[in-house]
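>>> sharing a model that was predicted from the sequence below.
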Amino acid sequence: MRTCVPFVSLGLLLSVALSVHAQLPDPLVYYPFDSGAGDFTGNGNFGELLGGAAISAGGTGHTGEAGDGSLDLGAYNNGAYLNIPSAADGALASIVENDAATISFWLFGNDEQPQNNWTFNGQGPTSDRVFGAHVPWSDGTIYYDVAGCCTATQRISAPAPGPEVYEGEWNHYAFLKDGPLTAIYINGELFLDSGVNLMDPLPELTSFTLGSFTGGASSHGGRFDDFALFDVALTPGQIADIAGGEAIPTGLTQGDFNDDGGIDADDSQILAMNLGAHLDGAVSHGEGDFDLNGRVDIFDFAGFKGAFPGAVAAATG
């Protein structure tokens, strides 16, 4: 294992140089965590806040801007975490099919760190490890495993550069799987890659938890922001762009519930019809979840009315 970019040919290097800052692809899952655990991709992969996980107030996210919230898990090992329930229905299967993924997020570890945290965890149908990371473990080492644990074709690990990257301040992390290659980036720079070791292909993925092991065990003490899961390996330039503040594509227009490209009376009627039907259930963007927190309620109506009063007026005569 090495902590530098692997050797590549001149031709490949030129190709990478030309494409390294290409436009970001659409993610499979994207949670800004500003008002809930809504999936801003339009794919309907809403997150569940479990074990006391909460969305922190505006101004507490990684940008510090007034409307920027974050996923607050509180103290280490308190059982708080986020679950992606649609993973059980195969919604993340393209990651396995492509044998490629980028897991991108901002992390603010609390002052308890380092601990025996699970930072994220993907599991298969028989509880086999698909991928997972500790940022860091209690020994100060950052671990990243794919397709099981913990051989040279599954694991990369190295001591964290210092406590400043895992507690007391925001840092950006990206974990890659690109066929036989795995890599970790911190704040847009390569921290570690698998070098000459050919990493095992990803097995079936049926669950994903952010901030803990399955069921909330060994939950990560601290906060997460702008979590995105891609079913491709991003280029070094694209990772640097995200760490530098480039917006992650959302793939939807807020308020356009029928996805016809416009916001009009039809969207207001869709929202009104679903207020009663989906008060407690997870819904997709097309069913009226304006604030993308995973449900349709009166706050969606208030937000839609405030943003698009003309559509409400047209729908109500």
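Structure received.

>>> ok, then the element right after the helix or strand encompassing residue 107?
Secondary structure from DSSP states H and E places residue 107 in strand 100-109. The helix or strand immediately downstream of strand 100-109 is strand 120-123, counting by DSSP H and E.

>>> parallel or antiparallel, list what pairs with that next one.
Sheet partners assigned to strand 120-123 using DSSP bridges are listed as strand 129-134 (antiparallel), strand 207-210 (antiparallel).

>>> show me what the mean pLDDT comes to for that strand.
The average pLDDT within strand 120-123 is 98.

>>> how far does that strand sit from its chain's centre?
The chain centroid and the centroid of strand 120-123 are separated by 12 Å under Cα atoms, centre = their mean, to the nearest Å.

>>> residue 102 touches residue 235, doesn't it?
No. With contacts counted by Cβ atoms under 8 Å, residue 102 stays clear of residue 235, the gap being 9.7 Å. To be clear about C-beta, it is placed using only N, CA and C from the backbone, and glycine gets the same treatment.

>>> list the contacts of residue 42.
Listed by Cβ atoms under 8 Å, 6 or more residues apart in numbering, the contact set of residue 42 reads 250-252, 259, 284-285.

>>> counting neighbours, what do you get for the nearest residue in space to it that is not next to it in sequence?
Nearest in space to residue 42, with sequence neighbours left out and distances taken as Cβ to Cβ, 6 or more residues apart in numbering, is residue 252 at 3.7 Å. As a burial measure, residue 252 scores 19 neighbours (other Cβ atoms under 10 Å).

>>> then residue 48?
Close neighbours of residue 48, defined as other Cβ under 10 Å, add up to 15.

>>> run through the bridge partners of it.
Per DSSP bridges, the residues bridged to residue 48 are residue 83.

>>> quick one: pLDDT of it?
95.

>>> so where's the protein shaky on pLDDT?
For the chain, applying pLDDT under 70 flags the ranges 1-21, 278-282.

>>> what about the strands in the stretch 1-150 of the chain?
Assigned by DSSP state E, counting those that start in this stretch, the stretch 1-150 of the chain shows strands spanning 29-31, 48-50, 54-55, 71-74, 81-83, 100-109, 120-123, 129-134, 141-146.

>>> any chance of those strands in a markdown table, with distance to residue 230 too?
Compiled in a markdown table, the strands of the stretch 1-150 of the chain are given as follows (distance: least, Cβ to Cβ, whole Å):
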| stretch | distance to residue 230 |
| --- | --- |
| strand 29-31 | 9 |
| strand 48-50 | 21 |
| strand 54-55 | 23 |
| strand 71-74 | 19 |
| strand 81-83 | 17 |
| strand 100-109 | 4 |
| strand 120-123 | 14 |
| strand 129-134 | 13 |
| strand 141-146 | 15 |
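
>>> among those, which comes closest to residue 305?
strand 54-55 (22.2 Å; Cβ to Cβ).

>>> that closest one: partners in the sheet, and parallel or antiparallel?
Applying DSSP bridges, one finds strand 54-55 paired with strand 71-74 (antiparallel).

>>> got the CA positions of the strand it pairs with in CSV?
Taking Å, rounded to 0.1, in the frame of the first residue of the first chain, the C-alpha atoms of strand 71-74 are listed here in CSV:
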residue,chain,number,x,y,z
LEU,A,71,-26.8,15.3,10.6
ASP,A,72,-26.1,15.3,14.3
LEU,A,73,-25.4,11.9,15.9
GLY,A,74,-24.5,13.3,19.3
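
>>> select only the buried ones of the contacts of residue 42 in PyMOL?
This is the PyMOL syntax for the buried subset of these, where burial follows 16 or more other Cβ atoms under 10 Å:
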select buried, resi 250+252+284+285
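
>>> look up how far residue 108 lies from the nearest residue to residue 274 once chain neighbours are set aside.
Computed as Cβ to Cβ, 6+ apart, the closest residue to residue 274 that is not its neighbour in sequence is residue 288, at 4.2 Å. Residue 288 sits 32 Å away from residue 108, taking Cβ to Cβ, to the nearest Å as the criterion.

>>> which one of those two has more residues nearby?
residue 288 (27 against 21).

>>> any chance you could map the helices in this protein?
10-19, 93-98, 236-243, 265-275, 298-307, 309-316 (DSSP state H).
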